[in-house]
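**Student:** What would the 3D arrangement of this be:
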Amino acid sequence: MLFRVRRLLLRSDRFLTDAALRVECGRVVEVLEKPGRIQGKTVDLDQGFVCPGFVNAHAHLELGGLAGRLTATGFVGWVRELVEARKSQGKADFARAFEGGVQRLLATGTTCVGDIDSSGVCEERAAPLRIVCFREVLDAGDPVRVPSALRRIQRALPKKRLFQEGLSPHAPYTTSPELLAGCAKILRRRPLPVAVHWAEIAEEEPWLLRGEGPLGELLRPPSTPLGQRGLELLKRSGLLDGRLLLIHGNHPAREDFERIARAGASVVHCPGTHRFFDRSAFPLRDYQRAGIPIALGTDSLASNEDLDMGREMELASQSFPEVEPREIFRWATEGGARALGLGDRLGRLEAGFEADFVQHPHEPADAREAVLALMGPARALKSWVAGSEVRTNADA
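**Tutor:** Got it, this is the predicted structure:
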C-alpha cells in the first residue's frame, strides 16, 4: 500500500512536500520524495498534513468516569476522594471509561498509550490503538499483602499485535521493599517496561525516611521507618534500569540525576496534572543537564481536563518557553516511544518503523509550522495504526 502525502512531517526536524509512504505488513518500508507517477493501489492524503501519532507515556484510562468529581486541592485530600469515589464504581464503569478514553486519544492524534491498569479492564479489552498495559500492584507498605499482590502479575499476558504487557509497582511509599523485590524477581524472568510514580510530592521523603507527614492520613505508620528515599529503594530492589519510567519526578534530590542518567531510565512529565494541583516548577533543566530522557503523559481525567497530547505540549511550552517546540514534539513522540521500550519502532516515520500516523487539518509550510500547529487542542482527521485506518465514534 502506498500513501501519497501532500505534506509529511517524518520527525521533528524533517518535513517533506509531495512525498509518499510505502507500507507493508503494518510497517513503513520506504519513504519516497517526489514520487511522480505511481503504479498500484494508493491512498491520496491531499488535505492537511501527516505526522507520527502521539505517544502518551502515562495515563489511567479506567479513571475517566471520575472526571470533574474530585475537588480537593491538596494531593492527600484528592487521594482520599479518589479512593472513596472508586467504591461506587464497578468493572462496567471502568470499562466504559477505558473505551471512552481510547476514543478520545484517537480523536486527538494519539496512536500509542502507556496505560496503568488496576482493575483489569485494559488487559481484558481489545482496543484499536497501540497499548502498553502496566498492571498495577501495591500493598500500602504491608508485607502481609505481598503474596496476593504478586499473584495477579505472575501470569504473563498473551502477546497481541497492538498490545504489550508492562508492570507498575505504584510508588515507593505504597509498595513495601518485599513487593518491590517480588516485582524485580518476575522481571528477571519476563523483561518488561516498568512504570513507578516517583517523587510526585515532597511529602514522600519524610514518610519514607521517618514515617512522618501527611501521608500518615492515608497509610498505616510503618513499624520501622524505611530510612531510604524512593530512588534508593528502587535501586536496591533492582528496578532502576533502562526499562523504568519514573512518573512525575517533581521532587528529586540532587544526587538522583546522576543515578537516573546512569541507569538510562526516563522521566514522564504530565503538564495537565501539574497544573491541576498547582505544583511548583518541574525541574526540567536539571533533568536536561543530566541527559535524562523526557516523555509526556496526560495522567487521568481525575486530575486533568483532557487526554489531549496537543494540550500537554502547549502547557509544556507555556511553562518552558525557552524550549524549542520541536523538542517538545519529540517528548510527545520519540520520548514516549523510548520510555515505553518502543524507541526502535515508534515516534517517527521512516523505513522499519510502525506505520502509526495521523492526518491533521492544518497546512504548514515546514517542520516548525507543523509542530506549532499541533500545540493546543488537537483534532485528527484520520488515524492509522499498523497501516490500518482506525475509525472513532466521531466518524460515525
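**Student:** helices or strands up against the helix ranked longest in the chain?
**Tutor:** Among the elements of the chain assigned as helix by DSSP state H, the one spanning the most residues is helix 91-107. Packed against helix 91-107, as judged by 3 or more Cβ pairs under 8 Å, 6 or more residues apart in numbering; DSSP states H and E, are the following elements: strand 54-59, strand 110-117, helix 121-124. Yep, even glycine has a C-beta here, placed from its N, CA and C like the rest.
**Student:** In its sheet, which strands sit next to the second one, and in what direction?
**Tutor:** Its sheet considered, strand 110-117 pairs with strand 54-59 (parallel), strand 130-137 (parallel) by DSSP bridges.
**Student:** what's the angle between the next helix or strand after the first one and helix 91-107?
**Tutor:** The one in question is strand 54-59. Per DSSP states H and E, strand 54-59 leads on to helix 75-86 as the next helix or strand towards the C-terminus. Compare the direction of helix 75-86 with that of helix 91-107 by axes from the mean of the first three to the mean of the last three Cα atoms, to 10 degrees and you get 120 degrees.
**Student:** and for helix 75-86, what are the contacting residues?
**Tutor:** 63, 66, 69-72, 200-201, 203, 214-215, 217-218, 277, 302-303 (Cβ atoms under 8 Å, 6 or more residues apart in numbering).
**Student:** Among those, find me the one that's closest to K87.
**Tutor:** Ranked by distance to K87 (Cβ to Cβ), these are led by L66 at 11.6 Å.
**Student:** Hmm, that closest one is touching G101, no?
**Tutor:** No: no contact is recorded between L66 and G101 when judged using Cβ atoms under 8 Å, the distance being 11.7 Å.
**Student:** which residues are common contacts for these two?
**Tutor:** Any residue near both L66 and G101 by Cβ under 8 Å, 6+ apart counts here, and that gives L301.
**Student:** Can you add mean neighbour count, distance to L187 and mean pLDDT and give the helices and strands packed on helix 91-107 back as CSV?
**Tutor:** Compiled in CSV, the helices and strands packed on helix 91-107 are given as follows (neighbours: other Cβ atoms under 10 Å; distance: least, Cβ to Cβ, whole Å; pLDDT from 0 to 100):
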stretch, mean neighbour count, distance to L187, mean pLDDT
strand 54-59, 30, 19, 98
strand 110-117, 27, 16, 98
helix 121-124, 20, 17, 95
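**Student:** can you tell which of those is closest to L231?
**Tutor:** Distances from L231 to each of those were compared using Cβ to Cβ; the shortest belongs to strand 54-59, at 17.9 Å.
**Student:** what sits against the closest residue to A290 other than its chain neighbours?
**Tutor:** In space, A290 comes closest to F257 once its chain neighbours are excluded; the distance is 3.9 Å by Cβ to Cβ, 6 or more residues apart in numbering. Under the criterion of Cβ under 8 Å, 6+ apart, the contact list for F257 reads D286, Y287, R289, A290, I292.
**Student:** hmm, try it at 7 Å
**Tutor:** Under the criterion of Cβ atoms under 7 Å, 6 or more residues apart in numbering, the contact list for F257 reads D286, Y287, A290, I292.
**Student:** Between the residues you listed, which sits nearest G376?
**Tutor:** Within the contacts of F257, proximity to G376 (Cβ to Cβ) peaks at Y287, which comes in at 24.5 Å.
**Student:** And what about that closest one, helix, strand or coil?
**Tutor:** Look at Y287: counting by DSSP: H, G, I helix; E, B strand; the rest coil, its state is helix.
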